[in-house]
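take this sequence and fold it.
(one chain, ligands or ions: 1)
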Amino acid sequence: MFGKNAKVDLELNRIVEQLIKTGGKEKILPIVQAGEPVLRQQTIAYNGQLSKHTLLKLIDTMHTTMLEAPGVGLAATQIGLGLALAVVEDHVRDDEDDPREIAEFPFHVIINPTYKPASDKTASFFEGCLSFDGYQAVRKRWLDIEAEWDDEDGKRHKERLHGWPARIFQHETDHLSGELYIDRAEIRSLTTTENLEDYWCNDPVPTEAAEELGFAL
Ligand code: ZN
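Numbering: from 1, shown residues only. Predicted coordinates for the structure are as follows:
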């Protein structure tokens, strides 16, 4: 549980209810883009400021918004809300030998998430963000992490994540401290989605991109 003294913040609860309402029947909210101050905010830890009913509606709306985008993660800041929570979900695609090690990552909400590296191994791949639409860049990430988060009932979870799920978790958790993936990406690898498909999609390992565009792997 989110602490015995957890108290619903009526003003915040009202703001969130209002925000959810703007999503209409489709439950799809606009995703804010780079340059919006909220994306650079250190979010506030979630400790029960919302009623359970509102929290569940918020999670549902974020889930629908993420799937529709489509994306594999969505942080609260991306819908303009400075609370420390995000939703994640990804599924295995056709190619089992994909070097990015994409794995089943069932839908869940990650509240007050943190992570630390669980080995010194890193992986560099193209990565994108729904708040930096139309571009991707190579970002080095920890390959293995020890991830921690609260679920919607306030239960703390601790799990070791590897490969692509570890990358998604790092990306979403970083959002909640006002960071965007581009902050520490290889800036010379920045490419439009169109050029990514035209030039750099055949091999997910960006060795050729590094040579041609001039960045270190
Ligand atoms: Zn993002």
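
middle-most residue in this structure, spatially?
Nearest to the geometric centre of the chain sits residue 172, at 2.8 Å (Cα atoms, centre = their mean).

sec struct for that one, please.
Under DSSP: H, G, I helix; E, B strand; the rest coil, the three-state class of residue 172 is helix.

buried set for stretch 176-195?
With burial defined by 16 or more other Cβ atoms under 10 Å, the residues of stretch 176-195 counted as buried are 176, 178, 179, 180, 181, 182, 185, 186, 189, 190, 191. To be clear about C-beta, it is placed using only N, CA and C from the backbone, and glycine gets the same treatment.

what's the answer for stretch 97-106, then?
Quick answer for stretch 97-106 (16+ other Cβ under 10 Å): 100, 102, 105.

quick one, phi psi at the second one?
Meaning residue 102. Dihedral pair for residue 102: phi -70, psi 130, per degrees, to the nearest 10.

quick one: contacts for it?
By Cβ atoms under 8 Å, 6 or more residues apart in numbering, the residues touching residue 102 are 90, 92, 93, 163, 164.

need the max-distance pair from those residues.
Spatially, the most separated pair among the contacts of residue 102 is 93 and 163, at 13.0 Å (Cβ to Cβ).

just confirm residue 148 is within a strand.
Yes: counting by three-state DSSP, residue 148 is found in a strand.

and the top helix by length along the chain, how far out from the chain middle?
Determined from DSSP state H, the single longest helix within the chain is helix 52-68. Here the centre of helix 52-68 is set off from its chain's centre by 14 Å, with Cα atoms, centre = their mean, to the nearest Å.

under the pLDDT cut-off, which ranges of the protein? List them.
3-5 (pLDDT under 70).

now with 90, please.
Applying pLDDT under 90 to the chain flags residues 1-7, 92-99, 101, 103, 201-203, 217.

which one's the longest strand in it?
strand 105-117 (DSSP state E).

how far off centre is it?
So, by Cα atoms, centre = their mean, the centroid of strand 105-117 is 9 Å from its chain's centroid.

and the next element down the chain from that strand?
strand 122-128 (DSSP states H and E).

count of residues packed around residue 43?
20 (other Cβ atoms under 10 Å).

go on, residue 88?
Residue 88 has 25 nearby residues by other Cβ under 10 Å.

same thing with residue 65?
Residues near residue 65, counting by other Cβ under 10 Å: 22.

quick one, strands of the protein?
73-75, 85-90, 105-117, 122-128, 135-142, 144-150, 156-162, 191-192.

so for residue 56, which of these sits nearest?
Short answer: strand 105-117, nearest of those by Cβ to Cβ, at 9.4 Å.

paired strands for the closest one, with orientation please.
strand 85-90 (antiparallel), strand 144-150 (antiparallel) (DSSP bridges).

what's the angle from the longest one to strand 122-128?
Using axes from the mean of the first three to the mean of the last three Cα atoms, to 10 degrees, the interaxial angle of strand 144-150 with respect to strand 122-128 works out to 60 degrees.

give the contact list for residue 149.
Here residue 149 is in contact with 110, 111, 112, 113, 114, 156, 157 (Cβ under 8 Å, 6+ apart).

having no further points to raise, I will conclude here.
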